[in-house]
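Enquirer: 3D model of this:
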Amino acid sequence: MKFRIETPGHRASPSLKEFVTKKLSTLDRYYKDIQEIEVTLINEVKGSKEVVNCTLNIRIPGKDEYIKTRSNIFEDAVLKAQESAKRRLRIRKTQLQQARKKKSPNRKVSAKSAVKKA
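Expert: Residues are numbered from 1 along each chain as shown. Purely as a prediction, here's the structure:
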């Protein structure tokens, strides 16, 4: 799994890059086929507040997952994005498992469902 970390408008410190890679590398537990994760951290000033937008683009065979979160701190935005990505990847994995079960020809058919089909 590769990481691409972009921070337009400012330079990211090595400790921030290390934090991002450490936290997001755990997503490999929830979905094995992740090819690349693009992380974009944008610091916006709205009025007197500073807001950090964190977007994740997770490249997976088939359809990519896109996640966007906001917070006041870089680390908090990354953690929120990580939690959201965990949820989305778990949902995707269970959907794929259910689709495989439906397609497998070696499924056992119960007597009740066989009678209903006939």
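Enquirer: CA only for contacts and neighbour counts going forward, please
Expert: Will do.
Enquirer: Quick one: residues contacting the residue nearest to the spatial centre of the chain.
Expert: Centre of the chain computed as the mean C-alpha position; nearest residue by CA atoms, centre = their mean is residue 85, 3.0 Å away. Neighbouring residues of residue 85 by CA atoms under 8 Å, 6 or more residues apart in numbering: 27, 67.
Enquirer: Kindly report the same for residue 31.
Expert: With the criterion set at CA under 8 Å, 6+ apart, residue 31 makes contact with 89, 90, 93.
Enquirer: For the longest helix belonging to the chain, buried residues please.
Expert: When secondary structure is assigned using DSSP state H, the longest helix within the chain turns out to be helix 74-103. Along helix 74-103, these residues count as buried under the neighbour rule (16 or more other CA atoms under 10 Å): 74, 75, 77, 78, 79, 80, 81, 82, 85, 86, 88, 89.
Enquirer: Got the confidence number for residue 92?
Expert: Looking at residue 92, its pLDDT reads 90.
Enquirer: any idea how far it is from residue 32?
Expert: Between residue 92 and residue 32 the computed distance is 12 Å (CA to CA, to the nearest Å).
Enquirer: Residue 67 now?
Expert: Here residue 67 is placed at a distance of 18 Å from residue 32 (CA to CA).
Enquirer: next one: residue 62
Expert: For residue 62, the distance to residue 32 under the criterion CA to CA works out to 14 Å.
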